[in-house]
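Engineer: Below are the sequence and a predicted model for it; my questions follow.
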Amino acid sequence: MNLSLLLKNMAMPAKDATKGAGVPAAPPPGTDRPARPSVLLVDDVPANIRVLAEYLRDGHDIHVATRGEDALELAARLLPDIILLDVVMPGLDGYEVCRRLKAGPATRAIPVIFVTARFAPEDEAFGLSLGAVDYLAKPVSPAVVRARVKNHLELRSARETLARQNEALTEAAKLREDVDHIMRHDLKAPLTGIIGLPPLILDEGGLSENQALFLRLIEENGLKMLSMINLSLDLFKMERGAYVLRPEPVDMAQVARRLFTELAPVSAHRQVACTLTLAGEPDDGAASCLIAGERLLLYTMLANTLKNALEASPARATVTVDLRAGDPAVLTVVNRGAVPADIRQRFFKKFATSGKAGGTGLGAYSARLIAETHGGSARMETSDATDTTTVTLVLPQPDSVPPAA
């Protein structure tokens, strides 16, 4: 940068002061030159401009203005990466310039450093309250100026990177939600047709007992799949903390008995028995255990926990489910077999799995997510000494819930 030319141009209007005084000439065609940070120096004293320009000429493109009005015009037109701004100037002072910069949508993100002879604490506090990122008292050290400018340029770059990443994450989340909506719609349309056929065929009559049973199984499993599709978006909302819970009284004893029946093929294949206790007492098959929560969510939470316990149990073992009503309600699932050491610390984390063919690592994760959505918690205790694992789901109960539908 030619400093003599800079000083010669100090008295020129802002649109001319940049010519040859810091606004770099365009590189020749085909020249690949990395962009350098641009710095706008604003001071009505030529000597001060010359000093700051000398400090920063290496590695920066320098632009200058000697009046507040010119500084605003240059900042809006050039959008420099950082502004070094004096306070005491004719016309608009530095404080008013900073105030207007921070009020403008295009210029509010530009870091402003005050460089001034006004060094009283109240002056510094006032300057920072206007949105300046730093406040330097004249005379300034070359090393300090360069360090402050470097730091604030890096901070601005980091903020812009974070903003871009946040925008990308927001777009990805929206895309995921849009895709989920599309998938739900595309899956639900044919599934609804499948679910509607068994009742029509059953109404026609003339079927054997087995045929009628198979049709009812098709309908029941179709309805179950429909519920799972509806649940997929709900889990996504839970992850984002956007799920609205609609609790009702749910007989969890009835849910557990149903799950024992549905998971009978799994337990039979692994030769594992399932037992239900209510507050530690054996289930008589008729007692209820009312717990407030969303029916489908509580069903899914217990189903995933029970299925994990069955799959982790050795042959000829027993899985015990214990239900305790009250506030909080407590659901406990105990099985033989210790959790592998490599996943104990991340048992409830997403995709945590170890040595299970076809395992997704989502069962325990979704159980914890559902418990937390109900305001509760999930914990796991395992012991190599006793070769047992206990998963406990704690659900605080609301003061009042609407009656079950």
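Structural biologist: Okay, I see it. Numbering: from 1, shown residues only.
Engineer: all helices of the stretch 201-350 of the chain, in order?
Structural biologist: Taking DSSP state H, counting those that start in this stretch to define them, one finds helices in the stretch 201-350 of the chain at 209-239, 252-262, 264-270, 295-312.
Engineer: again with the stretch 1-150 of the chain
Structural biologist: Along the stretch 1-150 of the chain, the stretches classed as helices by DSSP H, counting those that start in this stretch are 3-8, 14-17, 46-56, 68-78, 94-103, 121-129, 142-204.
Engineer: quick one, domains of this structure?
Structural biologist: 3-25+33-140, 172-239, 248-395 (automatic domain parsing).
Engineer: Between the ones you listed, which one is closest to residue 153.
Structural biologist: Smallest distance to residue 153 across the domains of the chain (C-beta to C-beta): 5.3 Å, for domain 3-25+33-140. Backbone N, C-alpha and C define where each C-beta goes, glycine included.
Engineer: So for that closest one, mean pLDDT?
Structural biologist: Regarding domain 3-25+33-140, the rounded mean pLDDT is 84.
Engineer: Return the residues in contact with the most centrally placed residue in the chain.
Structural biologist: The centroid of the chain falls nearest to residue 240 when counting by C-alpha atoms, centre = their mean (6.6 Å). Residues counted as contacts of residue 240 (C-beta atoms under 8 Å, 6 or more residues apart in numbering) are residue 173.
Engineer: Next one: it, what pLDDT does it get?
Structural biologist: On pLDDT, residue 240 comes in at 80.
Engineer: rewinding a little: want to throw the helices of the stretch 1-150 of the chain into TSV with distance to residue 258 and mean neighbour count?
Structural biologist: Formatted as TSV, the helices of the stretch 1-150 of the chain follow (distance: least, C-beta to C-beta, whole Å; neighbours: other C-beta atoms under 10 Å):
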stretch	distance to residue 258	mean neighbour count
helix 3-8	83	15
helix 14-17	78	16
helix 46-56	74	19
helix 68-78	68	20
helix 94-103	62	20
helix 121-129	64	14
helix 142-204	19	12
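Engineer: To residue 111, which of those helices lies closest?
Structural biologist: With C-beta to C-beta as the criterion, residue 111 lies closest to helix 142-204 of these, at 4.5 Å.
Engineer: Can you spell out which helices and strands pack onto that closest one?
Structural biologist: With contacts defined as 3 or more C-beta pairs under 8 Å, 6 or more residues apart in numbering; DSSP states H and E, helix 142-204 has these neighbours: helix 46-56, strand 82-85, strand 112-116, strand 134-137, helix 209-239.
Engineer: looking at the ones you listed, which is buried most?
Structural biologist: Highest mean neighbour count of the helices and strands packed on helix 142-204: strand 82-85, a mean of 27 (counted as mean count of other C-beta atoms under 10 Å).
Engineer: contact partners of that one?
Structural biologist: By C-beta under 8 Å, 6+ apart, strand 82-85 touches 37-43, 52, 71, 75, 94, 97-98, 101, 110-115, 132, 145, 149, 152-153, 156.
Engineer: CA-only coordinates of that strand, as CSV, when you get a sec.
Structural biologist: Extracted C-alpha coordinates of strand 82-85, given in CSV (Å, rounded to 0.1, in the frame of the first residue of the first chain):
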residue,chain,number,x,y,z
ILE,A,82,-13.8,-5.5,10.2
ILE,A,83,-13.9,-1.8,11.1
LEU,A,84,-11.5,0.2,13.3
LEU,A,85,-13.3,3.3,14.3
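Engineer: which neighbours does that strand have in its sheet, and in what orientation?
Structural biologist: Strand 82-85 has the following strand partners under DSSP bridges: strand 38-42 (parallel), strand 112-116 (parallel).
Engineer: JSON lines for the ones you listed, including distance to residue 299?
Structural biologist: Putting the strands paired with strand 82-85 into JSON lines (distance: least, C-beta to C-beta, whole Å) gives the following:
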{"stretch": "strand 38-42", "distance to residue 299": "61"}
{"stretch": "strand 112-116", "distance to residue 299": "58"}
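Engineer: Which of those strands sits closest to residue 385?
Structural biologist: Distance to residue 385, taken as C-beta to C-beta, is lowest for strand 112-116 among the strands paired with strand 82-85, at 63.7 Å.
Engineer: then the closest one to CSV, C-alphas only?
Structural biologist: In CSV, the C-alpha atoms belonging to strand 112-116 read as follows (Å, rounded to 0.1, in the frame of the first residue of the first chain):
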residue,chain,number,x,y,z
VAL,A,112,-16.3,-2.9,15.1
ILE,A,113,-13.2,-2.0,17.2
PHE,A,114,-13.1,1.5,18.7
VAL,A,115,-9.6,3.0,18.6
THR,A,116,-9.8,6.3,20.5
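Engineer: Residues touching it, excluding its own?
Structural biologist: Against strand 112-116 from outside (C-beta under 8 Å, 6+ apart): 43, 48, 52, 82-88, 94, 98, 101-102, 123-124, 127, 131-138, 140, 145, 148-149, 152.
Engineer: Okay, strands next: where are they in the stretch 251-400 of the chain?
Structural biologist: 273-278, 281-282, 290-293, 318-324, 329-336, 377-383, 388-395 (DSSP state E, counting those that start in this stretch).
Engineer: Show residues contacting the third one.
Structural biologist: What it means is strand 290-293. 245, 247-252, 298, 323, 325, 329, 331, 374, 395, 397-398, 401.
Engineer: Sheet-wise, list the partners of that strand with their directions.
Structural biologist: If you go by DSSP bridges, strand 290-293 pairs up with strand 248-251 (antiparallel).
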